[in-house]
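**Q** just need the structure, nothing else, for what follows:
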Amino acid sequence: MSNYVFVIDTDKNPCDPVHPAKARLLLNQNKAAVFRRYPFTIILKEGQNKEGQNARPTPLTVKIDPGSKTTGLAILRGEDVIWGAELSHRGQQIKASLESRRAIRRGRRSRKTRYRPARFLNRKKPKGWLAPSLQHRVDTTLTWVNKLIRYSPIVGITQELVRFDLQKMETPEISGVEYQQGELQGYEVREYLLYKWNRQCAYCGGRDIPLQVEHIQPKAKGGTNRISNLCLACEPCNIRKGTHDIKDFLSGQPDLLSRILKQAKSPLKDATAVNSTRWVLFNALKGTGLPVVTVRGGQTKFNRTRLGRPKTHWLDAACVGRVDSLKLLTSKPLLISAKGHGTRQMCRTDRYGFPSRYVPRHKFVKGFQTGDIVKAIVTRGKKVGEYLGRVAVRSQGSFNITTNQGLIQGISHKYCKHIHKKDGYSYVA
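**A** Below you'll find the model as predicted:
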């Protein structure tokens with residue numbers, strides 16, 4: 001069953017969300033029109049104000065389960081879950097883009113140019129500053145909460161305010177003064193690695209040879225410099241592994257792979273991201289003017305286990321806070337993926353950071369812009385069919401459409417019809 005449909009009156013004030021069948025009836029009877037596709041919202045026409053009801057809308061509550069990669073959202077009417085969504089963030093893409101830009105700028109500044117003094121000494125980050133990849137998680141969550149407030153009678157917000165004990169996650173039996181003693185107490189990094197890996201190559205087992213510090217999960221693929229992600233390798237093994245994933249590199253040696261992964265601990269980036277943004281998100285939600293209730297993560301897990309619900313982000317959100325029982329009036333959440341609003345680059349660069357081609361001045365081509373969600377019904381040619389997805393415009397009028405099945409290239413603008421204007425997100429209903 002799909003999500004309930006949001007309804008606004010002729011003054012764009014939120015009314016009670018209705019069942020999809022009721023919304024379909026209003027549209028067929030010409031009493032309402034489609035106002036927005038995602039989230040699906042209809043607007044009542046003149047004379048149909050608030051669907052002919054004079055009563056006030058039923059108050060709703062939006063519940064949030066913040067996550068590092070995906071945030072769960074759910075709207076409840078009492079104990080009825082009428083709307084759910086899973087919002088996928090793009091923090092890792094932002095981090096990779098910033099690192100790429102930094103590398104290109106650094107190379108350009110130092111290549112046959114005069115010396116320019118470092119500027120880090122006269123730059124100070126403001127209080128409460130978050131890295132762009134973390135601030136993005138807060139901003140996108142707040143954007144969607146504001147959208148839901150605009151289209152439905154939300155009267156309260158419930159947020160899961162969880163704090164992860166990172167040392168407890170690594171060492172469950174830790175206690176007391178051990179919190180002050182890190183893994184490297186009494187060691188330097190290289191000495192610790194020599195002791196941990198028995199002074200031999202982690203991959204080939206070679207001894208009495210020069211050993212190099214090696215990243216188990218390559219930094220190029222999101223690996224960190226944490227001591228648990230480091231091992232020792234001889235030069236031939238280090239070069240042969242390169243930036244390959246450890247599972248691909250040791251695909252033919254499952255026993256060795258299992259041993260290395262057992263000694264290496266899982267990264268804590270996701271838990272750290274949630275810890276860093278939880279209070280910032282709370283303060284941002286308070287800015288909406290609605291009462292914000294915070295609850296612990298343990299209560300969410302207790303509710304989900306007691307009610308026998310599967311672990312998904314949107315159902316976790318529905319289980320946030322005090323829950324006696326849940327009645328799911330929807331079983332298919334809206335899947336939202338943050339895609340960004342394009343780039344400010346005036347030109348594209350080559351691998352050395354020099355301009356290679358320029359970006360067209362005009363964003364709109366034949367009435368479309370990159371990021372619009374379109375529906376193309378091709379009736380002739382090699383690409384006959386129906387395609388729905390985000391469009392990438394080309395100045396010659398031949399567009400590319402990214403669908404759930406893949407990228408379709410060379411679709412003429414004549415076959416395209418607007419479904420949803422660009423807003424920085426893609427959707428799977």
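**Q** domain parsing for the protein?
**A** Under the assignment automatic domain parsing, the domains of the chain span 6-52, 60-91+130-165+270-338, 183-263, 347-428.
**Q** okay, how far is it across the longest one, tip to tip?
**A** Which is domain 60-91+130-165+270-338. Distances were taken as C-alpha to C-alpha, to the nearest Å; on that basis the terminal residues of domain 60-91+130-165+270-338 are 25 Å apart.
**Q** now tabulate the domains of the chain in TSV and tack on mean pLDDT and distance to residue 123.
**A** No exception for glycine: its C-beta is placed from N, CA and C like everyone else's. Conversion of the domains of the chain to TSV gives the following (pLDDT from 0 to 100; distance: least, C-beta to C-beta, whole Å):
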stretch	mean pLDDT	distance to residue 123
domain 6-52	89	39
domain 60-91+130-165+270-338	92	15
domain 183-263	84	23
domain 347-428	91	22
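**Q** for residue 270, see how far away the residue nearest the centre of the chain is.
**A** For the chain, the residue nearest the mean C-alpha position is residue 89 (1.3 Å; C-alpha atoms, centre = their mean). Applying C-beta to C-beta, to the nearest Å, one obtains 11 Å for the distance of residue 89 from residue 270.
**Q** am I right that residue 233 is in a strand?
**A** Yes: when the secondary structure is assigned by DSSP: H, G, I helix; E, B strand; the rest coil, residue 233 falls within a strand.
**Q** residues contacting the nearest residue to it once chain neighbours are set aside?
**A** Setting aside the residues directly before and after it, residue 233 is nearest to residue 214 in space (C-beta to C-beta, 6 or more residues apart in numbering), at 4.0 Å. Residue 214 makes contact with 202, 230-233, 237-238, 241, according to C-beta atoms under 8 Å, 6 or more residues apart in numbering.
**Q** on that earlier part again, nearest to residue 111, out of the domains of the chain?
**A** Comparing those against residue 111 with C-beta to C-beta, the closest turns out to be domain 347-428 (8.1 Å).
**Q** hmm, residue 357 and residue 345 touching each other?
**A** No: under the criterion of C-beta atoms under 8 Å, residue 345 lies out of contact with residue 357, with a separation of 10.7 Å.
**Q** show me which of these two is the more surrounded one.
**A** It is residue 345, of residue 345 and residue 357, that has more neighbours when counted by other C-beta atoms under 10 Å, with 11 against 8.
**Q** related to what we said a few turns ago, mind checking the SS state of the residue nearest to residue 233?
**A** strand.
**Q** most neighbours per residue, which of the domains of the chain?
**A** The densest packing among these, expressed as mean neighbour count by mean count of other C-beta atoms under 10 Å, is seen in domain 60-91+130-165+270-338 with a mean of 19.
**Q** what sits closest to residue 40 if chain neighbours are left out?
**A** Counting by C-beta to C-beta, 6+ apart, residue 5 is the residue found nearest to residue 40 once chain neighbours are left out, at 5.3 Å.
**Q** residue 93 too?
**A** residue 340 (7.6 Å).
**Q** what's the answer for residue 16, then?
**A** Sequence neighbours aside, residue 57 is the residue nearest to residue 16 in space, at 4.9 Å (criterion: C-beta to C-beta, 6+ apart).
**Q** quick one: contacts for the one you found?
**A** Contacts here follow C-beta under 8 Å, 6+ apart; on that basis residue 57 touches 14-16, 50, 153.
**Q** ok so residue 72 is a helix residue?
**A** No: the secondary structure assignment for residue 72 gives strand rather than a helix, going by three-state DSSP.
**Q** mind listing the residues bridging to it?
**A** Taking DSSP bridges, one finds residue 65, residue 86 as the beta-bridge partners of residue 72.
**Q** likewise for residue 416?
**A** Applying DSSP bridges to residue 416 gives these bridge partners: residue 376.
**Q** do you know how far it is from residue 219?
**A** Using C-beta to C-beta, one gets 41 Å for the distance from residue 416 to residue 219.
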